[in-house]
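Asker: Based on what follows, work out the 3D shape:
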Amino acid sequence: MKMPIRLSSEMFSNGSEWNPDLPFAVFSRSGIKLSGSASIIGHGGTNAINANAVDLSWATSIDSNLAIGPGGNPDTVVNQSNFINGNVGLSIGNLPAPLDYPLPKFPEFPTGTNARKLNRISPTALPPWTIQVIATHTYRS
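Answerer: Prediction:
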């Protein structure tokens, strides 16, 4: 299921737009691990340069490019279990410099409520890639 989402100023408590330049469908500061048959449709990236920081099990895939941290060796940073076809559809390269994407300011959970645990699985689409957000949050008043 694909469901378009729109980011607007009403979503953030400070009333500002959050419109970062996001050239990656998935980006991580410390590494990426895909298991089962998970896939990234679009480019993936990480600042990581340590051995096996990107761990891709047999049936997983990144259909486009993968960028790893500056100076990282793709042969040691990326563990592609699918040694026949590879798990990365296009190329693996290095970022010119580490990247940082600050998060927007999210609204506070309503006060005066008991602790709540919210589990959310929400398939969303951000053209031209598809991501699945799986989040577990615990809020306490």
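Asker: can you pull out the helices in this protein?
Answerer: Under the criterion DSSP state H, helices of the chain are mapped to 74-77.
Asker: got any ranges where it has weak pLDDT?
Answerer: Within the chain, the ranges that satisfy pLDDT under 70 run 1-20, 112-141.
Asker: just the strands in it please.
Answerer: Assigned by DSSP state E, the chain shows strands spanning 26-28, 32-34, 39-40, 44-46, 54-56, 61-62, 66-68, 78-80, 92-94, 116-126, 129-139.
Asker: what's the burial count for residue 94?
Answerer: 15 (other Cβ atoms under 10 Å). Quick note: C-beta positions are derived from backbone N, CA and C, even for glycine.
Asker: go on, residue 72?
Answerer: Using other Cβ under 10 Å, the number of residues around residue 72 comes to 23.
Asker: distance of it from residue 54?
Answerer: Residue 72 is 9 Å from residue 54, where distance means Cβ to Cβ, to the nearest Å.
Asker: Ok, residue 47 next?
Answerer: When distances are taken as Cβ to Cβ, residue 47 and residue 54 turn out to be 11 Å apart.
Asker: which of these two has more neighbours?
Answerer: Applying other Cβ under 10 Å to residue 47 and residue 54 shows that residue 54 carries more neighbours, namely 26 against 20.
Asker: what pairs with the more buried one across the strands?
Answerer: In this structure, residue 54 has the following beta-bridge partners (DSSP bridges): residue 32, residue 78.
Asker: Quick check: neighbours shared by residue 72 and residue 54?
Answerer: Any residue near both residue 72 and residue 54 by Cβ atoms under 8 Å, 6 or more residues apart in numbering counts here, and that gives residue 48.
Asker: My read is that residue 88 contacts residue 78, right?
Answerer: Yes: with contact defined as Cβ atoms under 8 Å, residue 88 reaches residue 78; the gap is 7.3 Å.
Asker: so what's in contact with the two at the same time?
Answerer: Residues touching both residue 88 and residue 78 by Cβ under 8 Å, 6+ apart: 56, 66.
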